[in-house]
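Chemist: Need the 3D shape of this:
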Amino acid sequence: MELSLYIQHGDALYEPCVEEDISFSLERKGSPGKLAFRAVDDGRLPVSEGDQVLLKIGGVELFYGFVFTLKRNQTRMIDITAYDQLRYLKNKDTIIDGNLTASE
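Modeler: Residues are numbered from 1 along each chain as shown. Down below sits the predicted model:
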């Protein structure tokens, strides 16, 4: 089975060189999907928090989400963790400000 992993940074689409395993987990109810992997930092992979990540297996989309954490280390590797859109729906932050119109 063919596995494809893509990261979209701006208008460019990258297919990073992945070392070791890709960890993908889904919960049955109420938790976002999580994708974690280690990519080679060759200096040509401009990845940052908020970039889109797509995982396909056998041509079928299995995961679509966004980069949440990056950890670069001394051995030129980047540990990347991405969550799907359900992560945003679980956010409970609220901002309340009075005396404003809808356009403000």
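
Chemist: residue contacts, Asp21?
Modeler: Shown in contact with Asp21 (C-beta atoms under 8 Å, 6 or more residues apart in numbering): Phe37. Heads up, the C-betas are built off the backbone N, CA and C, glycines and all.

Chemist: Now the phi/psi pair for it, please.
Modeler: Main-chain torsions, Asp21, degrees, to the nearest 10: phi -100, psi 160.

Chemist: That one and Arg38: what is the separation?
Modeler: 8 Å (C-beta to C-beta, to the nearest Å).

Chemist: who touches Leu3 in this structure?
Modeler: 22, 55-57.

Chemist: if we go to 6 Å?
Modeler: Applying C-beta atoms under 6 Å, 6 or more residues apart in numbering to Leu3 gives the contacts Ile57.

Chemist: again with Tyr14
Modeler: Counting by C-beta under 6 Å, 6+ apart, Tyr14 makes contact with 7, 45.

Chemist: Give the bridge partners for it, please.
Modeler: Ile7 (DSSP bridges).

Chemist: next one: Phe66
Modeler: Beta-bridge partners, per DSSP bridges, of Phe66: Gln52, Tyr83.

Chemist: How about Lys56?
Modeler: Ser4, Glu61.
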